[in-house]
Each structure stands twice: as C-alpha cells, then as structure tokens.
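Asks: Sequence and predicted structure are below.
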Amino acid sequence: LRAIGIVEFCVHRKLQEDQDTLQGIYPGNPRRSTASPSVDLLFEAFNGMDFFITDLPNGQHFEQISPLNEVQRKILYLLDLPESIYNKMTQKVKYGLRMGTISS
C-alpha cells in the first residue's frame with residue numbers, strides 16, 4: 001500500500017507543479033483528463049505491451065518490443081523516471097531468459 005501511495009503522490013505532485021493534467025488513461029474516453037490519476041489507471045496504461053524473443057532453428061535471433069507511447073512516456077516523466085529504464089528492463093529480461101533464470 002505504501003508503494004501505491006508513493007506512486008500516486010509523486011504523479012499528483014508533479015502534475016500540480018506543472019499545472020498539468022494527464023490525458024489518455026481512461027478506457028473508452030481518451031480525451032478525458034485528470035490531475036489525480038489512480039495507480040490502477042497509471043498501470044493500466046502499460047497493459048498490453050509486448051515483449052517477444054525467439055531463436056529460430058536456422059540460428060537467427062528475433063526480438064520485438066512494443067515502443068512506449070506518449071501517455072507512457074508522460075507517466076515515466078511524472079514519476080521522474082528516464083525512458084531508458086524501459087530499455088534497461090527489457091535488457092534484463094533478455095539476459096534472464098538467456099541465462100535460464102526466467103522461464104519462457
């Protein structure tokens with residue numbers, strides 16, 4: 001519960017400092033905006049992202065990662081997290097899959 005509270009507090013504070021709102025997080029109503037989004041809506045904005053890695057029998061390696069959209073970029077900004085954290089996370093997942101510490 002503390003982590004949820006911290007995430008919401010940080011986002012609300014940054015939106016207030018910037019005198020801004022967050023738009024595009026309400027399902028079915030992309031133009032609706034809020035200055036105090038819930039953590040559920042913030043996390044839901046990242047739902048459906050794909051991360052696909054496969055090694056083909058011919059030795060080719062293929063990976064595909066969903067790019068961040070504008071709403072996701074803004075959420076990371078509001079949390080004072082660099083966009084590079086997403087790429088670092090995917091690198092750790094790829095490393096874990098190769099080393100066998102994450103099952104596929």
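Replies: Good, I have the coordinates. Numbering: from 1, shown residues only.
Asks: residues in contact with the residue nearest to the spatial centre of the chain?
Replies: The chain has residue 46 as the residue nearest its centroid, 4.6 Å off, counting by Cα atoms, centre = their mean. Neighbouring residues of residue 46 by Cβ atoms under 8 Å, 6 or more residues apart in numbering: 72, 75. Where you see a C-beta, it was placed from the backbone N, CA and C, and this is true even at glycine.
Asks: That one and residue 16: what is the separation?
Replies: To residue 16, residue 46 is 23 Å away according to Cβ to Cβ, to the nearest Å.
Asks: and the residue in the chain sticking out farthest from the centre, helix, strand or coil?
Replies: Within the chain, the residue lying farthest from the chain centre (Cα atoms, centre = their mean) is residue 58, at 33.0 Å. Classification of residue 58 using DSSP: H, G, I helix; E, B strand; the rest coil returns coil.
Asks: swap in residue 63?
Replies: Following three-state DSSP, the label given to residue 63 is strand.
Asks: Let me see the mean pLDDT of stretch 88-97.
Replies: The average pLDDT within stretch 88-97 is 63.
Asks: Over to stretch 41-54?
Replies: 86.
Asks: In that stretch, which of the residues would be classed as buried?
Replies: 41, 42, 45 (16 or more other Cβ atoms under 10 Å).
Asks: any chance of those in TSV, plus distance to residue 71 and secondary structure?
Replies: Formatted as TSV, the buried residues of stretch 41-54 follow (distance: Cβ to Cβ, whole Å; DSSP: H, G, I helix; E, B strand; the rest coil):
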residue	distance to residue 71	secondary structure
41	10	helix
42	9	helix
45	5	coil
